[in-house]
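Visitor: Let me see the structure of the following:
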Amino acid sequence: MLAVPCPPYIYDFNHKGVAFRHCNPNGTWDFMHSLNKTWANYSDCLRFLQPDISIGKQEFFERLYVMYTIGYSVSFGSLAVAILIIGYFRRLHCTRNYIHMHLFVSFMLRAASIFVKDRVVHAHIGVKELQSLIMQDDLQSSIEVPPVDKSQYIGCKIAVVMFIYFLATNYYWILVEGLYLHSLIFVAFFSDTKYLWGFTLIGWGKAFLSPFLFNWIMDCRAFCLACH
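Guide: As a prediction, the model looks like this:
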């Protein structure tokens, strides 16, 4: 077993630690055929696995999670009450309020998608699996890595795609609010009912044609692999 200092050029490494590699009697390094690379133990180098640092980060993200969960929950409930009020009183039924209701629904769906994403995607799993792998005493069990079942990522992909879509529709409905106000001011003889369907298509359908959404969907596979 050969020990060398952790590389100083990697910022997040523990530069006071050492990395280990195992040399076979024939002078070759132990090779991980499933990953197509030589075996190495960087457990002492991985700074994010050190208790004093990981605990502080975990507490910070837990507080952040509680804060935005409470915020989105209060927002969800308030918007639901607003939609019920607008829907109950018929004198409030007009194109302007219909657009407001669509915007409120987009905010609610955005919050709901975040709740679902947080339940499905567990970012801490990757760290735990990596820690259990590199801290094993049996070298052979570390080398023989079982094949990954990619079917487990389907739920993650769906959750991430829905989150990205509802996030995009939320911004498009904000755009629709601006377009509607612009039309009222600058377009003569503006017909509210005539353009309502067009605004609805922009708010809910434009996100499907967005290149940014397409790029995010293409990257969601890598995101789910990193989180699992």
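Visitor: My guess is Lys206 contacts Asn170. True?
Guide: No - judged on CB atoms under 8 Å, Lys206 makes no contact with Asn170 at a distance of 11.9 Å. Every residue, glycine included, has its C-beta placed from N, CA and C.
Visitor: Neighbour count: these two, which is higher?
Guide: Asn170 (20 against 17; other CB atoms under 10 Å).
Visitor: what's the more buried one in contact with, if anything?
Guide: Leu103, Ser106, Phe107, Leu109, Arg110 (CB atoms under 8 Å, 6 or more residues apart in numbering).
Visitor: Just among those, which is most surrounded?
Guide: For the contacts of Asn170, the largest number of neighbours (other CB under 10 Å) sits with Ser106, at 24 neighbours.
Visitor: Confirm it sits in a strand?
Guide: No - assigned with DSSP: H, G, I helix; E, B strand; the rest coil, Ser106 falls outside any strand and is helix.
Visitor: helices and strands of the protein: which one bottoms out on pLDDT?
Guide: Confidence across the helices and strands of the chain bottoms out at helix 139-143, with a mean of 42, counting by mean pLDDT, DSSP states H and E.
Visitor: Looking at the helix or strand that that one is followed by now, give me its mean pLDDT.
Guide: Counting by DSSP states H and E, the next helix or strand C-terminal to helix 139-143 is helix 154-186. Mean per-residue pLDDT for helix 154-186: 87.
Visitor: do stretch 201-213 as well
Guide: 76.
Visitor: Make 224 the first number, not 1, from now on.
Guide: Yes, from this point I'll number from 224; that puts the last item at stretch 424-436.
Visitor: And the strands in the protein, which stretches?
Guide: Secondary structure of the chain (DSSP state E): strands at 225-228, 241-244, 254-255, 260-261.
Visitor: Tell me which other helices or strands the first one touches.
Guide: In this case it means strand 225-228. Applying 3 or more CB pairs under 8 Å, 6 or more residues apart in numbering; DSSP states H and E, one finds that strand 225-228 contacts strand 241-244.
Visitor: Show me what the strand it packs on is packed against.
Guide: Using 3+ CB pairs under 8 Å, 6+ apart, strand 241-244 sits against strand 225-228.
Visitor: who does the strand it packs on pair up with?
Guide: strand 241-244 (antiparallel) (DSSP bridges).
Visitor: which outside residues touch the strand it pairs with?
Guide: By CB under 8 Å, 6+ apart, the list of residues contacting strand 241-244 reads 224-229, 252-253, 261-265, 267-268.
Visitor: Buried among the residues you listed? Make that a ChimeraX selection.
Guide: Here is the ChimeraX command that selects the buried residues among these (16 or more other CB atoms under 10 Å):
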select :229,253,262,263,264,265,267,268
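Visitor: Kindly report the domain assignment for this structure.
Guide: 224-272, 274-450 (automatic domain parsing).
Visitor: Next, format the strands of the chain as JSON lines and append mean pLDDT and distance to Tyr291.
Guide: Shown next, in JSON lines, are these (pLDDT from 0 to 100; distance: least, CB to CB, whole Å):
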{"stretch": "strand 225-228", "mean pLDDT": "83", "distance to Tyr291": "40"}
{"stretch": "strand 241-244", "mean pLDDT": "85", "distance to Tyr291": "37"}
{"stretch": "strand 254-255", "mean pLDDT": "78", "distance to Tyr291": "39"}
{"stretch": "strand 260-261", "mean pLDDT": "78", "distance to Tyr291": "39"}
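Visitor: Adding distance to Glu282 as columns, could you present those in CSV?
Guide: Below are the strands of the chain laid out as CSV (distance: least, CB to CB, whole Å):
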stretch, distance to Glu282
strand 225-228, 30
strand 241-244, 28
strand 254-255, 34
strand 260-261, 35
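Visitor: Good, we can wrap up now.
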